[in-house]
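Trainee: My questions concern the predicted model and sequence given below.
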There are 2 protein chains.
Amino acid sequence: MARLHLGNINPHIVEAKYAVRGELAVKSEEYRARLRNGDKSLPFAEVISANIGNPQQLDQKPITFFRQVLSLLENPKLLEHEDVLLNSLGYKTDVLERAKWLLHHAGSVGAYSASAGVPAIKESVAKFLEKRDGFAADPARIYLSAGASSGVNTLLHVICASPTTGILVPIPQYPLYTASLSVLNSTCVPYYLDESAQWGTSLETIKEAHSKAKSEGIDVRAIVIINPGNPTGASLSEADIRSVLDFAAQEKLVVMADEVYQTNVFIGKFHSFRQVLLGLQKQYPGKYDEVELASLHSVSKGMVGECGHRGGYFDLHGFKPEVEEQIYKFVSITLCAPVIGQCLVELMVNPPQPGDPSYELYDKEFSGIFNSLKTRAYALYEAFKEMEGVECGEPQGSMYLFPTIHVPAKAAEAAKKEGRTPDEFYCMRLLEATGVCVVPGSGFGQAEGTLHFRTTFLAPGTAWVGSIKKFHKEFMDQYR
Amino acid sequence: MARLHLGNINPHIVEAKYAVRGELAVKSEEYRARLRNGDKSLPFAEVISANIGNPQQLDQKPITFFRQVLSLLENPKLLEHEDVLLNSLGYKTDVLERAKWLLHHAGSVGAYSASAGVPAIKESVAKFLEKRDGFAADPARIYLSAGASSGVNTLLHVICASPTTGILVPIPQYPLYTASLSVLNSTCVPYYLDESAQWGTSLETIKEAHSKAKSEGIDVRAIVIINPGNPTGASLSEADIRSVLDFAAQEKLVVMADEVYQTNVFIGKFHSFRQVLLGLQKQYPGKYDEVELASLHSVSKGMVGECGHRGGYFDLHGFKPEVEEQIYKFVSITLCAPVIGQCLVELMVNPPQPGDPSYELYDKEFSGIFNSLKTRAYALYEAFKEMEGVECGEPQGSMYLFPTIHVPAKAAEAAKKEGRTPDEFYCMRLLEATGVCVVPGSGFGQAEGTLHFRTTFLAPGTAWVGSIKKFHKEFMDQYR
């Protein structure tokens, strides 16, 4: 008998659910391995991982300027050969300058940095926030993290004090939030996004969820917003953001704004919670002064797409120094975020500017990625419009579409026999038939009686969209 | 009134202690900033960070082969210029081959890998373990992590089920263990290492700590061993390891072997827990079959010294599949370890071999670092021998010395007035007088009535050792 078994290990880990890398993802990796080993028995020639927002696993190429700088940080001895870099390898002078600047301020990328990140990079983030929002930022309130998920982990660890601590989480949501709250043994207070209003926030729904939780003895102390939305792809209006901040000010809720998709916006303009909050504080002195806001960003998404480097940051506004001290201690225990990832944060917030030698190529690559994402998003959207029993809003932002699917009753029965929800059943059949891996809506939460799946629009080409259409028709014909 | 304050946030974070990056470290960074800004009022010209095992912040240079490969992974377009790399930049053919191999198996280093790490790198780790220990290893039992500390976090999260879960932790210890157990609200069951036996493990002491905790209703289910020791520098004998495994088999304790300093051994030879356990299992069939062992390693220490890259792994032996599933889910939630750090794990476990083009330089660099560490360890040891009231064992392993200090009663009184322990007081005065930052023994735990400090021997030169000696004499004279 082993000492550890399912019955005696941490029950909160056992309870946690994380579908994005669950059964379907594992099966898709098995298929990929079989194909690599020459297996010809599968009905498809390629696995399409549309389940994870992992741009560089698919078609997205890294930005040349970023990677040239990183190559010099990894091997600073290359800087002893400036003529070779400039004349034979196509490096521009601004690449060399930025690498030298980072080496001066960060030292070796093989050394631990200060716990909250390299101070000079935090200053660059502060300048970026000031330029983006029109309000100065304090570098001391910025914490570099190993991707945004590590920042979420830090913030929830500090905020959650007991099983009755409640955090308002949008449903559907990126399951990092519910999984982390399970692990921390605190309470997820779900509020449903409004599918009929392009997955916007509904203040009424938030209020109801909040009062209901309070009446059950839950100490609701924070609200999570994901904007642009994951999995929904929604991009919030300034009015939606204001109404959330109004409610937060009134009910004294800490606001956690997950804004990792801030450059993936196809309709309208991204509004940061920080910009809107600081605007309100200026406009209505006193009324919003006590709102505590944590905003998160990452190098993993957008046109940067450097998930594997695990870089990101969060910035705090209105937190008490004594609480920040505890946040500092917590991040110290894990030593520091990966230093190369920190350097990517610098490059993301401070990219080449017009007139810089690397600007032209940077701009071309950045726009190329943006336009190709938008084109694919619309191709997928058009395909969904033609599919029976599928409804999908116009792409607004992030890297995802989250269509509703209506499946025939016979399909729901067949799902039940397999011990699966109908959306899990649908996604499993889709994977088996086409090699396309998507995530069932139940992995993110969805309103009772509705079914969805989340797909990224990162995979190249349109053949896979065609194979989804073909599968869908056959599935409907089989179970109708 | 802010919503979050010290009285309502997570009390287990507030309770956690982490001195390695605490008050002294913060103050040393302030001094460093003042010196950088031209402040001439300090009695020293340089801050020596002897508080953190951070080799590349100090004198240690990265291994050329490693960094050349990483530069190509960051900018694979360089591989389009093989002639330039080989003829103008001094890259060898094995550098190019390894980079291509890693790009083939890991894909872009900007993409998320599989949750438990790049499969091909896990296979390399398995081959390394087989070569090191003489027993085959299963790649599926290996998990790549963001440094060993992330592995410790994962394992403790899964093992700790409640406040009455107890984990045997050596004292003195690297405070990651006590801090993590505080955060998890589980019980640290301290067992004291035997300073009189070069900080070895004493089975009697472990037994006593175990029985005492059991009698208090604690469910003691694991024992942590740090070998070579941090902060003690001890290197355990095979007999010590056997006796720990005997006890673990008898009492059904999971063994967590933190072996990040396995190449930093100056006296004798490193014995891994895995090697000794598998040897015992072979020699005495049945008796040790049920021991669950987790061994941890890292790219941060040894001659690699790449802390900032956050690379490492843990391998499991004897864990139930249902428990491994939960470990897999937990690591999935944080997506994956930094991919460049994973690639460094590959390079660490599979370095150039005799006959390879890069071997000569690799071997020269590796031995150079090893010898310089050993030289400095002995220089420091010799200095401590000459200091009044200081006792220190011969350097055996890791990157640290942990001398005992005896301070005069007047110094203890002065410390009390400042609300500090005498060792904190001593270390603060040392920092103020010399710019040398070390960590007081109380940050690691120490037997009642004893005082120590931990210093790395990574800083270059011997001037700083001289300034410790000078300070110590003045301190003793002042308080005698």
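Mentor: Received it, and whenever you're ready, just let me know what you need.

Trainee: burial count for residue A:432?
Mentor: 14 (other C-beta atoms under 10 Å in any protein chain shown). C-betas here are computed from N, CA, C, even on glycine.

Trainee: does it belong to a helix or a strand, and which?
Mentor: Taking DSSP states H and E as the criterion, residue A:432 maps to helix A:422-434.

Trainee: Now do the helix or strand following that helix, average pLDDT.
Mentor: Proceeding C-terminally, helix A:422-434 gives way to strand A:436-437 as the next helix or strand, assigned by DSSP H and E. The average pLDDT for strand A:436-437 rounds to 94.

Trainee: could you say which helix or strand contains residue A:410?
Mentor: Here residue A:410 is assigned to helix A:409-417, by DSSP H and E.

Trainee: quick one: average confidence on that helix?
Mentor: Helix A:409-417 comes out with an average pLDDT of 93.

Trainee: Next, the angle from that helix to helix A:422-434.
Mentor: Calculated by axes from the mean of the first three to the mean of the last three C-alpha atoms, to 10 degrees, helix A:409-417 forms an angle of 90 degrees with helix A:422-434.

Trainee: what about helix A:409-417, distance to the chain center?
Mentor: Here helix A:409-417 is found 32 Å from its chain centre; the criterion is C-alpha atoms, centre = their mean, to the nearest Å.

Trainee: Quick one: list the elements packing against that helix.
Mentor: In terms of contacts (3 or more C-beta pairs under 8 Å, 6 or more residues apart in numbering or on different chains; DSSP states H and E), helix A:409-417 is packed against helix A:422-434, helix A:463-479.

Trainee: Now with 6 Å, please.
Mentor: The contact analysis (3 or more C-beta pairs under 6 Å, 6 or more residues apart in numbering or on different chains; DSSP states H and E) places helix A:409-417 against helix A:422-434.

Trainee: Could you check how far the helix it packs on is from the centre of its chain?
Mentor: With C-alpha atoms, centre = their mean, you get 24 Å for helix A:422-434.

Trainee: cool, stretch A:339-348 as well?
Mentor: On C-alpha atoms, centre = their mean, the centre of stretch A:339-348 falls 17 Å from that of its chain.

Trainee: same deal with stretch A:312-324?
Mentor: The answer for stretch A:312-324 is 20 Å, by C-alpha atoms, centre = their mean.

Trainee: What residues of it count as buried?
Mentor: A:312, A:313, A:314, A:315, A:316, A:317, A:318, A:319, A:320, A:323, A:324 (16 or more other C-beta atoms under 10 Å in any protein chain shown).

Trainee: Mind picking the two most distant members of those?
Mentor: The most widely separated members of the buried residues of stretch A:312-324, counting by C-beta to C-beta, are A:312 and A:320 (23.4 Å).

Trainee: I figured residue A:281 was touching residue A:288, is that so?
Mentor: Yes - using C-beta atoms under 6 Å, residue A:281 is in contact with residue A:288, at 4.7 Å.

Trainee: Send over stretch A:194-210 as CSV, restricted to the C-alpha atoms.
Mentor: What follows is stretch A:194-210, C-alpha atoms only, in CSV (Å, rounded to 0.1, in the frame of the first residue of the first chain):
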residue,chain,number,x,y,z
ASP,A,194,-24.8,38.0,-21.2
GLU,A,195,-24.6,36.0,-24.5
SER,A,196,-27.4,38.0,-25.9
ALA,A,197,-25.3,41.2,-25.5
GLN,A,198,-22.2,39.8,-27.1
TRP,A,199,-21.0,38.3,-23.8
GLY,A,200,-20.9,41.6,-22.1
THR,A,201,-21.2,42.0,-18.3
SER,A,202,-24.7,42.5,-16.9
LEU,A,203,-24.7,44.6,-13.8
GLU,A,204,-28.0,43.1,-12.7
THR,A,205,-26.6,39.6,-12.9
ILE,A,206,-23.5,40.6,-10.9
LYS,A,207,-25.6,42.3,-8.2
GLU,A,208,-27.8,39.2,-7.9
ALA,A,209,-24.8,36.8,-7.6
HIS,A,210,-23.3,39.1,-5.0
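
Trainee: Tell me which strands the helix or strand hosting residue A:167 pairs with, and in which orientation.
Mentor: Residue A:167 is located in strand A:165-171, with elements delineated by DSSP H and E. If you go by DSSP bridges, strand A:165-171 pairs up with strand A:187-192 (parallel), strand A:219-226 (parallel).

Trainee: Now do the buried residues in stretch A:329-342.
Mentor: In stretch A:329-342, counting by 16+ other C-beta under 10 Å, buried: A:329-342.

Trainee: With respect to residue B:6, which of the residues you listed is nearest?
Mentor: residue A:329 (11.9 Å).

Trainee: nearest residue to residue A:54 other than its sequence neighbours?
Mentor: Counting by C-beta to C-beta, 6 or more residues apart in numbering or on different chains, the nearest residue to residue A:54 once its immediate chain neighbours are dropped is residue B:112, at 4.7 Å.

Trainee: doesn't residue A:307 make contact with the one you found?
Mentor: Yes - at 4.5 Å, residue B:112 counts as touching residue A:307 under the criterion of C-beta under 6 Å.
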